[in-house]
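Asker: Model the following, please.
(chains A, B, C and D)
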Number of protein chains: 2
Amino acid sequence: MDRTPSHPEVSKFNLQQVLEALVDPVRRSIVIQLDTACEDITCGAFDISVSKSTATHHFKVLREAGLIRQYYVGTSRMNALRRAEMDQAFPGLLDALATPQAQGVST
Amino acid sequence: MDRTPSHPEVSKFNLQQVLEALVDPVRRSIVIQLDTACEDITCGAFDISVSKSTATHHFKVLREAGLIRQYYVGTSRMNALRRAEMDQAFPGLLDALATPQAQGVST
DNA sequence: ATCAAAGTTTGACGGCGGTCGTACTTCTGT
DNA sequence: ACAGAAGTACGACCGCCGTCAAACTTTGAT
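Answerer: Predicted structure coming up:
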């Protein structure tokens, strides 16, 4: 278990990798939850319907793409959205995910 | 061969579908080429390195996601980027693709 | 010390999507 | 009418990715 996982720098952010991360509904849901909560969330506290091992996989993909930052707090792992850095690299991208039509549209 | 292919309305644009379309490098390249050219382009005139049948597949995916509009001109098929409509549905999304870091970054 | 909680790792499985070749259609010139 | 150009349709193949269960690790509480 790597206690200090590697996080890519902003200058290394890769659009292909970011899109591959965001195209999965579960991962996009994680990002949205982080964005709306405006606070760090532990892996287990997310509203996702997959097994723990699958969740670990998703968090890894998000972290390696640069979308989240992870750090340990006791036995829990906290997840923080790298909003500002992602906006710097790809301005408008995360905003597009929060668009009304991006969620369920009604009107 | 359907001469009047169906195009989804803006209100029916689906983020999941759009992201699935944009996550493929070939398809994203098509979108970028349309965006920078600022004019409609025939299927055969794109700079993509896949077979014709694969190209047809990609254009279909882009069309069904609402990213492009297709219409026949003689035996050729023209492709137009649905820029304004996509911006209306998911503002900022296409702009993020044109970001400097979205292309090859140097500095 | 022990036990439970929270994640991780590994391996396996299944399905979907990108790719191609081949055959087909439709239009344009000649 | 014929040939060629431009795409399309259809199968087939293959690799990748999301998924899970099971075993393991690490930390915190009792």
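Asker: Name the helix or strand for the residue most central in space within chain A, please.
Answerer: Closest to where the C-alpha atoms of chain A average out (CA atoms, centre = their mean) is A:Val31, at 4.1 Å. Assigning secondary structure by DSSP states H and E places A:Val31 in helix A:25-37.
Asker: List the contacts of the helix or strand just after that helix.
Answerer: Next along the chain after helix A:25-37, taking DSSP H and E as the criterion, comes strand A:41-42. The contact list for strand A:41-42 (CB atoms under 8 Å, 6 or more residues apart in numbering or on different chains) reads A:Gln33, A:Leu34, A:Val73, A:Ser76, A:Arg77, A:Met78, A:Asn79. C-beta coordinates here come from the backbone N, C-alpha and C atoms, glycine included.
Asker: mind redoing it with 7 Å?
Answerer: Strand A:41-42 has contacts (CB atoms under 7 Å, 6 or more residues apart in numbering or on different chains) with A:Gln33, A:Leu34, A:Ser76, A:Arg77, A:Met78, A:Asn79.
Asker: Tell me the one of those nearest A:Pro5?
Answerer: Using CB to CB, A:Arg77 comes nearest to A:Pro5 of those, at 9.1 Å.
Asker: Let me know whether that closest one touches A:Phe46 as I believe.
Answerer: No. A:Arg77 is beyond contact range of A:Phe46, at 11.3 Å (criterion: CB atoms under 7 Å).
Asker: A:Val23: what's it in contact with?
Answerer: Each residue near A:Val23 by CB under 7 Å, 6+ apart is listed here: B:Leu19, B:Glu20, B:Val23.
Asker: Now render those residues as TSV, adding distance to B:Val10 and pLDDT.
Answerer: Below are those laid out as TSV (distance: CB to CB, whole Å; pLDDT from 0 to 100):
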residue	distance to B:Val10	pLDDT
B:Leu19	17	98
B:Glu20	18	98
B:Val23	21	98
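Asker: Those residues in helices, which ones?
Answerer: Among the contacts of A:Val23, DSSP state H puts B:Leu19, B:Glu20 in helices.
Asker: on that earlier part again, tell me the buried residues within the contacts of strand A:41-42.
Answerer: With burial judged by 16 or more other CB atoms under 10 Å in any protein chain shown, the buried subset of those is A:Gln33, A:Leu34, A:Arg77, A:Met78, A:Asn79.
Asker: Number of residues surrounding A:Gln103?
Answerer: Applying other CB atoms under 10 Å in any protein chain shown, we find 11 residues neighbouring A:Gln103.
Asker: now A:Val10
Answerer: Summarising burial for A:Val10: neighbours were counted as other CB under 10 Å, giving 14.
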